[in-house]
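K.L.:
quick one: sequence plus predicted model below, questions after.
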Amino acid sequence: MRVLVKGAGVAGLTAAFELAARGAMVTVAEIRHGLGGNASWFAGGMLAPWCERESAEQPVLDLGRDAADWWDAVLPGQVTRAGTLVMAMPRDTGELDRFASRTSGHRRVDEDEIAILEPDLAGRFRRGLLFPDEAHLDPRRAMAALHDRLAAMGVEFRFGAHARQGAGFDRRIDCTAMAAVDDRLRGIRGEMLILRTPDISLSRPVRLLHPRFPLYAVPRADTQFMIGATMIESQSAGPVTARSMMELLGAAYALHPAFGEAEIVETGVGVRPAFPDNLPRVETSGDTVAINGLYRHGFLLAPAMARQAADLVFNQEGTKELAHETDGQRRSA
């Protein structure tokens, strides 16, 4: 069976893997000239289903709890399993209690344990929540590694103008996110920074709660940190605004003053597709299966959505073959 996957973001790449692993001949088509530039490229890479439950529905936890295992199995060495640390400034401890009441899978940590977990944050926070079973990865490294793994499995990639050659396929998987023709989708703009400083080290993602602009800092290689992210109801992919820059930098400085002297390596904006209920969909129409609406949970939910899409494709093929066989038996009779 030949399958065309449209879109080389995290949804498309994970779908391509699930299909190729089950024996399909897969082609990935991406109108950009290479990996990058999409919402997946600007993601935080946090595999944090228990934390996300604070503002998300139960299906996000149910679908995302196995994401770290999937990524670890497909891309060994890409996943860091150090948990997530959630904290608040002393004046915002009510936010910490609220967060705890809306989530599970955590334990409370005091000032001494915070100092053991993250020595560079010693003495700055009195209380926190540790989500020990959560994990994170670097989205850009993961996407590049998954591309290479797929190429080694025989998956063909068509970038740029070549992506428009789409004839001769048995099935199509539409993973085009905001480019999909779907009036139900709305854009959620997320702005992020990448900072570099050798003056602070973190072992895990740290979330700093705040009533107006909560922040997360995700450690990456080469003393870099991804700082994010705003959540703005907008389909604009324009540059980061001055307000967002000030809020993100201010929150980062509140986490640790060393961020005030950090080098700003990059700013970025990703527009995430969301349905009205902020939950993803895997839907069929003719020979096309669409994966969309991953909202802010791309790397967390993409593996589960990819499995669902592959199940649909192969179940449809099995049903089709069974129908052909039944028709043949009837004609023979």
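P.N.:
Okay, I see it. Not measured: the values here are computed from a predicted model.
K.L.:
dump the residue contacts of residue 266.
P.N.:
193-194 (C-beta atoms under 8 Å, 6 or more residues apart in numbering). Using the backbone N, CA and C atoms, a C-beta is placed for each residue, glycine as well.
K.L.:
check residue 165 too.
P.N.:
Taking C-beta under 8 Å, 6+ apart, one finds 29, 158 in contact with residue 165.
K.L.:
and the strands in the stretch 1-150 of the chain?
P.N.:
Ranges of strands in the stretch 1-150 of the chain, per DSSP state E, counting those that start in this stretch, are 2-6, 25-30, 46-47, 84-88, 107-110, 127-131, 135-136.
K.L.:
partner strands of the fourth one, parallel or antiparallel?
P.N.:
Here strand 84-88 has these sheet partners by DSSP bridges: strand 127-131 (antiparallel), strand 206-209 (parallel).
K.L.:
out of these, which comes closest to residue 34?
P.N.:
Closest approach to residue 34 among the strands paired with strand 84-88 is made by strand 206-209 (31.5 Å; C-beta to C-beta).
K.L.:
for the record, mean pLDDT for the closest one?
P.N.:
Here strand 206-209 scores 96 as its mean pLDDT.
K.L.:
export it as CSV, just CAs?
P.N.:
C-alpha atoms of strand 206-209 as CSV (Å, rounded to 0.1, in the frame of the first residue of the first chain):
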residue,chain,number,x,y,z
VAL,A,206,11.0,24.3,35.2
ARG,A,207,7.6,25.9,35.2
LEU,A,208,7.2,29.2,37.0
LEU,A,209,3.6,29.9,37.8
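K.L.:
tell me which helix or strand comes right after it.
P.N.:
Downstream of strand 206-209, the first helix or strand assigned by DSSP states H and E is strand 215-220.
K.L.:
direction included, what does that next one pair against?
P.N.:
Strand 215-220 is paired, per DSSP bridges, with strand 206-209 (antiparallel), strand 224-228 (antiparallel).
K.L.:
contacts for the last one?
P.N.:
Spelled out, that is strand 224-228. So strand 224-228 is contacted by 42, 44-45, 190-197, 200, 202, 215-220, 248-249, 251-252, 259, 262, 265 (C-beta under 8 Å, 6+ apart).
K.L.:
among those, which ones are buried?
P.N.:
With burial judged by 16 or more other C-beta atoms under 10 Å, the buried subset of these is 42, 44-45, 190-195, 197, 200, 202, 215-220, 248-249, 251-252, 259, 262.
K.L.:
check which helix or strand covers residue 296.
P.N.:
With DSSP H and E as criterion, residue 296 is part of no helix or strand.
K.L.:
so residue 120 sits against residue 201, correct?
P.N.:
Yes. With contact defined as C-beta atoms under 8 Å, residue 120 reaches residue 201; the gap is 5.6 Å.
K.L.:
give me whichever of the strands of the stretch 1-150 of the chain is most buried.
P.N.:
strand 46-47 (a mean of 28; mean count of other C-beta atoms under 10 Å).
K.L.:
what average pLDDT does it get?
P.N.:
pLDDT averaged over strand 46-47 gives 98.
K.L.:
can you check stretch 304-320 too?
P.N.:
Mean predicted confidence for stretch 304-320 is 83.
K.L.:
and for that stretch, what are the contacting residues?
P.N.:
Residues contacting stretch 304-320 (C-beta under 8 Å, 6+ apart): 1, 3, 11, 14-15, 17-19, 22, 24, 63-64, 66-67, 170-171, 173, 280, 282, 284, 289, 291, 294.
K.L.:
could you dump the strands of the stretch 1-150 of the chain into a markdown table with distance to residue 100 added?
P.N.:
Supplementary listing: the strands of the stretch 1-150 of the chain in a markdown table, determined by distance: least, C-beta to C-beta, whole Å:
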| stretch | distance to residue 100 |
| --- | --- |
| strand 2-6 | 40 |
| strand 25-30 | 41 |
| strand 46-47 | 18 |
| strand 84-88 | 8 |
| strand 107-110 | 7 |
| strand 127-131 | 6 |
| strand 135-136 | 20 |
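K.L.:
nearest to residue 234, out of the ones you listed?
P.N.:
Once those are compared by C-beta to C-beta, strand 46-47 is nearest, at 22.2 Å.
K.L.:
partner strands of the closest one, parallel or antiparallel?
P.N.:
Strand 46-47 has these strand partners (DSSP bridges): strand 135-136 (antiparallel).
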